[in-house]
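1. What would the 3D arrangement of this be:
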Amino acid sequence: MSVLMDFSIFPMDQGESVSAQVSEVVRMVRESGHAYRLTPMGTVVETDSLAEALALVERAASVLDGLGCRRVYSALKLDIRSGPSGRLTRKVESVEEHIGAVQR
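-> Below is the predicted model of the structure:
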């Protein structure tokens with residue numbers, strides 16, 4: 001199974017700039033060993049199960065709680081599919097191949 005999770009999570013009570021807090025969440029994701037891509041609007045992570053994906057969200061909330069964040073906002077999108085992993089890069093490559101075919 002492959003689960004792609006596009007999620008954002010950030011504190012709502014820490015002022016206008018929250019990059020310091022968000023960087024601690026991204027550090028946790030990186031240290032989890034799961035493949036991920038940081039984007040300007042969130043983070044995309046690939047896991048082998050839905051439970052692993054949701055556990056990362058729970059850990060992210062705990063990281064922010066540990067930083068004194070009392071109110072947190074989070075949004076998730078999940079693509080759950082049986083089959084092999086590696087979709088984090090393959091999905092983008094497939095679209096780029098189609099773009100290249102159109103441009104020729």
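2. from here on, contacts and neighbour counts on C-alpha atoms
-> Will do.
3. and residue 33, what pLDDT?
-> For residue 33, the pLDDT comes out at 97.
4. Can you tell me the element residue 77 falls in?
-> In the assignment (DSSP states H and E), residue 77 maps to strand 72-81.
5. Next: residue 24.
-> Using DSSP H and E, residue 24 sits within helix 19-32.
6. Same check on residue 36?
-> Counting by DSSP H and E, residue 36 is part of strand 35-39.
7. just to revisit the earlier point, starting from the strand holding residue 77, tell me which strands it pairs with and how they run.
-> Strand 72-81 has its sheet partners listed here by DSSP bridges as strand 2-11 (antiparallel).
8. neighbouring contacts of the strand holding residue 77?
-> For strand 72-81, contacts defined as CA atoms under 8 Å, 6 or more residues apart in numbering pick out 1-13, 50, 61, 64.
9. which two of those lie the greatest distance from each other?
-> Distance extremes for these: the farthest pair is 1 and 13 at 36.7 Å, using CA to CA.
10. Pull the contacting residues for residue 88.
-> Taking CA under 8 Å, 6+ apart as the criterion, residue 88 is in contact with 4, 35, 36, 44, 45, 46.
11. Residue 79: neighbouring residues, count only.
-> The local packing of residue 79 (other CA atoms under 10 Å) involves 11 other residues.
12. On the pLDDT front, check it for me.
-> In this prediction, residue 79 carries a pLDDT score of 97.
13. With residue 18 as the reference, measure out to it.
-> Distance, residue 79 to residue 18, using CA to CA, to the nearest Å: 27 Å.
14. got the contacts of residue 88 as CSV, with neighbour count and distance to residue 101 columns?
-> Putting the contacts of residue 88 into CSV (neighbours: other CA atoms under 10 Å; distance: CA to CA, whole Å) gives the following:
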residue, neighbour count, distance to residue 101
4, 24, 26
35, 17, 28
36, 20, 27
44, 20, 26
45, 21, 28
46, 25, 27
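15. before we move on, back to that, CA atoms only: put the helix or strand following the strand holding residue 77 into CSV for me.
-> Sequence order places helix 87-103 as the next helix or strand after strand 72-81, per DSSP H and E. Provided in CSV are the C-alpha atoms of helix 87-103 (Å, rounded to 0.1, in the frame of the first residue of the first chain):
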residue,chain,number,x,y,z
ARG,A,87,4.4,7.5,-6.0
LEU,A,88,5.7,10.7,-4.5
THR,A,89,8.1,11.0,-7.5
ARG,A,90,6.4,8.8,-10.1
LYS,A,91,3.1,10.8,-10.2
VAL,A,92,5.1,14.0,-11.0
GLU,A,93,7.2,12.3,-13.5
SER,A,94,4.1,10.9,-15.3
VAL,A,95,2.6,14.4,-15.6
GLU,A,96,5.9,15.8,-16.8
GLU,A,97,6.1,13.1,-19.5
HIS,A,98,2.6,14.0,-20.7
ILE,A,99,3.6,17.7,-20.8
GLY,A,100,6.7,16.8,-22.9
ALA,A,101,4.5,14.8,-25.3
VAL,A,102,2.2,17.7,-25.7
GLN,A,103,5.0,20.2,-26.4
